[in-house]
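Participant: just a sequence and a predicted model for now, questions to come.
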Amino acid sequence: MGESERSGRSVGSFIRDVRSVLRYFGRLEWTVVALVFVLTVAQVYLDLRIPEYMASITETLVNHGSTDLVMVDAWSMVKCALASLAMGMCITLLIGVVSSRYSMRLREIQFERVQGFSMEEMGRFSTYSLITRSTNDIKQIQDFIGISLESLMRAPVVCGLALFKISCSDLSWTAVTVVAVGLMLVLVGCILRRTIPGFRRVQRLTDGVNRVSAELIDGIRVIRAYNAEGFERGRFSEANGELTRNNLGVYRVMAFNVPFNALIRNSLTMAIYWVGAFTIAGTAGYEARLTLFSDMIVFATYSVMILNGFRTLTQMFNLMPRATVASQRIAEVIDTVPSIVGGPSHGDPAHDVAVSFRDVSFRYPGAGSDTLSGITFDVGRGETVAVIGSTGSGKTTLVNLIPRFYDATGGSVEVMGTPIGDLDLDALRGNIGFVSQDNSVLSGTVRSNVSYGSASSSDESVTDALRTARADTFVEDMGGLDSRIEERGRNLSGGQKQRISIARAVHKSPGIFVFDDSFSALDFRTDRDVRSALRERFPDATVIVVAQRIGTVIGSDRIVVLDGGRIAGIGTHDELMSSCTVYREIAESQIEGAE
Amino acid sequence: MAARHALMTGKSKNPSGVVMDRPESVVAAWGRIIRYMGRYRWYMLLAVVFAAMEAGLSSQAPNRISAMADTIEAGLSSGSIDLAAVSWLGLTVLLIYTLSSTVSFLRHRTTSSVSQRISGHLREDLAAKMDRLPLGYIDSLGRGDLMSRFTNDTDTIGAALNNSMGAFILGITTFVMCLTMMVLTDYRLAFVAVSSSLLGIAASALIIKVTQKYYRNQQENIGRMYGLVSEVYSSKRVVMAYCGEGDAKGRFDTINENLRDSCLKSEITVGLLPAMTSFVGNISYVLVCLVGALMVLEGEITIGVIVAFIVYVKMFAGPFDMISSSISRLQAAGAASERIFGFLDHVEMTPDPDAEPVGEVRGRVEFRDVRFGYTPDREIIHGLDLVVEPGQRVAIVGPTGAGKTTLVNLLMRFYDADSGDILVDGRSIYTMTREQVHDLFCMVLQDTWLMDGTIRDNVAYCNDVSDADVRAACEAVGIHGFVEGLPDGYDTVIGRDLELSAGQRQQLTIARAMVDRAPMLILDEATSSVDTRTERRIQMTMSGLTAGRTSFIIAHRLSTIRDSDLILVMDGGDVVEQGTHAELLARGGFYHRLYHSQFDG
């Protein structure tokens, strides 16, 4: 998902970049932009009026006019300044509204899109990158709009109006101004050409620093245990050094921007007087010379304004590359069509066969071979089916197909008598109590975790679920249903997290339970207690349980043995003991030691 | 010991206390940034010198331009303009501007280098600080919050410095230079020009003060957004499985709207500043024109003086314009530096003593009346006494939450005991450096963290290990065949090219521990997700590995622990039973019940 490396040299691509940043502007945004434009024109007009009064004052002075005349002009200048201030404030207000609202909408659009992603899309972007895209990248765009939108409009307006004002004046001055504008454009062009690739790298290298700092945080125990602080710091310094070096290079080139813009701008004033001197010297008649003289002073002011307009544009160019890259990254997310969408059917929860696999195969995106192949078996309603097999045999992958975290790449999966693709996603997932291997708990309270996704969170229902999952005692010790659970359940042990996750599934009272190795961190007694409490409470529920321990699977109606992504045997414990070598080996490895 | 216990008060800190909320702290935080720049004082001095030269040079230009205007004006009535004088002045001005731009370029280059180096240094210091902080504090910070300090906050400071450091330096020097030139040219007009500007500065200071709280709100809301999004995305399976999309959207919308509001408030209030400064600029322009015109009428000054002052006023306003337009970045940087220095200033772990080297380790481990709680109000381990003889294989069993992992945390000095002592071969581990303690053990943890890198890099990790050793370790944990089957083999990048199952991750963490040779061994639920056949194979290798080495094994599978020399049965933070498998079974107590639940399923 690398950023496309197209360069922003031509005007065409500049316009394309701006459009890509603003692609989700709605009617309200465009209306406000139009309003801002009108206000900007008015404000610039007022700002340009002020020097005109100065010209009039100059004439008064040269003619030795009265104090009253000067006062009239000065008062008009104050009025213009006040009106300009009012306009400026309105513009600020409007732009603030647009940039904050637009970034809110972008965040929302993107968040909703990601909500619709399946695990495949999550894997394709990587969770980490999606987080950056939802926060940092949007901030870049918000800053860009907040800071640049005004200058983007002001620059052409100022230039246009100022050019209009001075076009009737002497041609040689206009020529000097045009030369200065040309020089400035060349300068900006050269700087942009040198820096845009560097700015594009900034975002990628920042990702690198992000990744390594995540490593420092997540791996802190391992790092300390291995005395690997120096090793990790080396990795960090490498990423950090690369980012810093890149930034140094880019900003060194940027250092040309302001000083040489100033040189051109300042020299222009001087040049106008210089050229003016020759023009005036070549003109006959006092009146004509006087007009030229006051024109010259005004012209000098306007021409500086024009160049100032270009200067604000160049400031905008500083933000442009990062905002463009950010908007491309956001667009990648928003333009991704989720591969898994629900169908119209609600299935038949009373169907005899709860889950059915027909010659199912699965291959992870980009993988060289199938993780699952030729999987065929049914799970009847109310049945308990266990899945067992060695590490990497595809157990988790298999159960991930049931709630459609992924779609099978071959064969068909049916749930509640309906092909899984035809089922409404809420109807499908609403009837499955899935407990994943990583037993995620969410930050919040015990109550919010257990009642997650349910409409009700009454004391009774939550306590009940906790009791079934044998989590009631430690939750009481923690301080009750509303005790805090920290991010990633850091204040819970592995077994406690598993029981909270199990309670969550229980609270949902689904027709089908899927436990993906969710008893592994429980001691044997708790494991057994939880399973018998479950059976007691949900006698008719279908249970699919992935496990390592023979003790966990031994009482199941049927056991599916996976080996290298294929079914090595299906049957009861006793049947498999006599017919399935793989199963016998697993069982012996555990029972033998117990004797 | 006393110092060590004094440190413990650090863990009572409320995580939210990390965000300072005193209004003065922004000033303090900026003070910290400025002190931080101390290491670049020579660069900064150079920048000041460049700025002074620049301001000095460019302040020489306006009076020459005004001389040009005067020369022309003088020629208006007399009929002939002194073109040679005008040209000479023009050339001088051009030279002055060229020189000042060159100096200005050097200044920009210096300040931008300094600001980029400072944000790089801040990142480096944050990373270094990670190594010296107590685990309890790091755990108390949200992951997203901490990561955003590493990148967003340092980035914010770098961008703000880059934008405004030059403007500040130039602003101050220009202020002084311009003031001098203006006073020298005409002190009355100088007073008029400066007083209105000062008024503008005062107004800006007021706005900055009032708006800081909006910025703090904004940074906090960004942090909350980061936390929510990172949780919802990384718990995607739960969200999907429980149709939690609606709930997530509800929480998202609340934070999103709060964020919008705080952004709007800070942007609008701060956006008023440029409007204000440009107004102040206009007003001083008007005042100079008016007062100057009146003075010209009185015959006290020439028009050229007004022209010069118009240029001075613009020059004077320039740096303030730049500062005011970047004020929102400065405000955000203030809030960011509060967060960074809050972290950098946090109480560190007690420094390691000047420890004598650890000699040959026999592996006798003793706990003496050890008490410990993660928070002061809740003790987990209540006066534990325990002796493990050299070479013993110790299994720690007990129900979830009994304090097994806590024991490991204390042994590894991830946390320090509140009281009591832990001794290895009779020597307190608190008289060793943490590095020495870590070197005593090789360990496999419950959480199967792997770094971003290839399989080979992960197994070798920070050790200098040959490919053959890596391969041997992978064979021992039974993952070699799987790795060989991958298109890139040991060079496959985990996470990017390959999703590993929980069991495979455990296999790799065990392999990693195998290549790290240490006198003692800790296995905390190291094989819970590995299938039992693979586990047996690992154990066989391990028993070769653990022969003669003291080892601590936490496990739920009794098959993992039955051969241990000593089984510690823990419950509620205490060792309730200890002995061998046979002894404990015979006793018919807690262990007996645990054991028999295994096959009664």
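Facilitator: Yes, it's here.
Participant: straight-line length of stretch A:458-474, end to end?
Facilitator: Stretch A:458-474 has an end-to-end distance of 19 Å (CA to CA, to the nearest Å).
Participant: count of residues packed around the nearest residue to B:L297 once chain neighbours are set aside?
Facilitator: Leaving aside its chain neighbours, B:L297 sits nearest to A:T67 (6.0 Å; criterion: CB to CB, 6 or more residues apart in numbering or on different chains). No exception for glycine: its C-beta is placed from N, CA and C like everyone else's. The number of residues packed near A:T67 is 13, by other CB atoms under 10 Å in any protein chain shown.
Participant: one more: B:Y430?
Facilitator: By other CB under 10 Å, 19 other residues sit near B:Y430.
Participant: what parts of the stretch 251-400 of chain B come near chain A?
Facilitator: The stretch 251-400 of chain B comes close to chain A at residues B:252-253, B:256-257, B:259-261, B:263-264, B:267-268, B:271-272, B:274-276, B:278-279, B:282-283, B:285-286, B:289-290, B:293-294, B:296-297, B:303, B:307, B:310-311, B:314, B:325, B:328, B:374, B:397-400, as judged by CB under 8 Å from any CB of the partner chain.
Participant: which sections of chain B are below the confidence cut-off?
Facilitator: B:1-26, B:79, B:318-323, B:325-326, B:400-401, B:495-497, B:543-546, B:556-559, B:597-601 (pLDDT under 70).
Participant: tell me the domain ranges of the chain?
Facilitator: Defaulting to chain A. Following automatic domain parsing, chain A resolves into domains at A:11-334, A:382-392+A:429-594.
Participant: ah, I was thinking of chain B
Facilitator: Taken from automatic domain parsing, chain B resolves into B:2-11+B:26-344, B:365-596.
Participant: before we move on, the earlier item: distance to B:R517 added to the domains of chain A, as JSON lines?
Facilitator: Shown next, in JSON lines, are these (distance: least, CB to CB, whole Å):
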{"stretch": "domain A:11-334", "distance to B:R517": "12"}
{"stretch": "domain A:382-392+A:429-594", "distance to B:R517": "25"}
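Participant: may I see the ones you listed organised as CSV, with mean pLDDT and distance to B:A203 added?
Facilitator: Formatted as CSV, those follow (pLDDT from 0 to 100; distance: least, CB to CB, whole Å):
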stretch, mean pLDDT, distance to B:A203
domain A:11-334, 82, 12
domain A:382-392+A:429-594, 87, 43
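Participant: ok, back up a step: nearest to B:P353, out of the domains of chain B?
Facilitator: Nearest to B:P353 among the domains of chain B is domain B:365-596 (5.8 Å), distances taken as CB to CB.
Participant: off-centre distance for the closest one?
Facilitator: On the basis of CA atoms, centre = their mean, to the nearest Å, domain B:365-596 sits 31 Å off its chain's mean C-alpha point.
Participant: same thing with stretch A:365-384?
Facilitator: Distance, centroid of stretch A:365-384 to centroid of chain: 34 Å (CA atoms, centre = their mean).
Participant: is that stretch positioned near chain B?
Facilitator: Yes: using CB under 8 Å from any CB, stretch A:365-384 reaches chain B at A:G366, A:G368, A:S369.
Participant: and what of stretch A:470-490?
Facilitator: Yes: shown here: stretch A:470-490 in contact with chain B (CB under 8 Å from any CB) through A:F474, A:D477, A:E487, A:R488, A:R490.
Participant: most neighbours among the residues you listed, please name it.
Facilitator: For these, counting by other CB under 10 Å, the largest number of neighbours falls to A:R488: 22 neighbours.
Participant: what about the residue nearest to B:Y40 when sequence neighbours are not counted, which SS state?
Facilitator: Using CB to CB, 6+ apart and skipping residues adjacent in sequence, the residue nearest B:Y40 is B:V114, 4.8 Å away. The three-state label given to B:V114 by DSSP: H, G, I helix; E, B strand; the rest coil is helix.
Participant: could you do A:A386 as well?
Facilitator: Classified using three-state DSSP, A:A386 is strand.
Participant: list the buried ones in stretch B:577-594?
Facilitator: Within stretch B:577-594, the residues that count as buried by 16 or more other CB atoms under 10 Å in any protein chain shown are B:E577, B:Q578, B:G579, B:H581, B:L584, B:L585, B:F590, B:Y591, B:L594.
Participant: swap that for stretch B:81-96, please
Facilitator: Within stretch B:81-96, the residues that count as buried by 16+ other CB under 10 Å are B:I81, B:D82, B:L83, B:A85, B:V86, B:L89, B:G90, B:T92, B:V93, B:L94, B:I96.
Participant: which one of the domains of chain B lies closest to A:S126?
Facilitator: domain B:365-596 (7.6 Å).
Participant: distance between the ends of that closest one?
Facilitator: Start-to-end span of domain B:365-596 (CA to CA) is 30 Å.
Participant: residue of the stretch 301-450 of chain A nearest chain B, please.
Facilitator: In the stretch 301-450 of chain A, the residue that lies nearest chain B is A:T391 (3.2 Å; CB to the nearest CB).
Participant: next, that residue: phi, psi?
Facilitator: phi -60, psi 130 (degrees, to the nearest 10).
Participant: B:G359 in helix, strand or coil?
Facilitator: Per three-state DSSP, B:G359 ends up coil.
Participant: again with B:V370
Facilitator: Using three-state DSSP, the structure places B:V370 in strand.
Participant: what helices and strands are in contact with the one helix or strand A:A505 maps to?
Facilitator: Taking DSSP states H and E as the definition, one finds A:A505 inside helix A:494-508. If contacts are counted by 3 or more CB pairs under 8 Å, 6 or more residues apart in numbering or on different chains; DSSP states H and E, helix A:494-508 sits against strand A:432-435, helix A:446-450, helix A:459-468, strand A:512-516, helix A:524-537.
Participant: tabulate these (TSV), appending distance to A:L48 and mean neighbour count.
Facilitator: Below are those laid out as TSV (distance: least, CB to CB, whole Å; neighbours: other CB atoms under 10 Å in any protein chain shown):
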stretch	distance to A:L48	mean neighbour count
strand A:432-435	67	27
helix A:446-450	60	23
helix A:459-468	69	19
strand A:512-516	71	24
helix A:524-537	79	19
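Participant: looking at the ones you listed, which is closest to B:D488?
Facilitator: For the helices and strands packed on helix A:494-508, the distance to B:D488 is smallest for strand A:512-516, at 27.9 Å, taking CB to CB.
Participant: and the angle from that closest one to helix A:524-537?
Facilitator: Angle of strand A:512-516 versus helix A:524-537, following axes from the mean of the first three to the mean of the last three CA atoms, to 10 degrees, is 170 degrees.
Participant: what segments of the stretch 51-200 of chain A are helices?
Facilitator: Using DSSP state H, counting those that start in this stretch, the helices of the stretch 51-200 of chain A run over A:67-115, A:119-125, A:127-134, A:136-167, A:171-218.
Participant: which of those sits closest to A:F538?
Facilitator: If you check each of the helices of the stretch 51-200 of chain A against A:F538 by CB to CB, helix A:119-125 wins as the nearest, at 27.0 Å.
Participant: mind listing residues that contact that closest one?
Facilitator: A:1, A:114, A:130, A:133, A:332-333, A:336, A:338-340, A:364-365, A:400, A:405-407, B:233, B:236-237, B:499 (CB atoms under 8 Å, 6 or more residues apart in numbering or on different chains).
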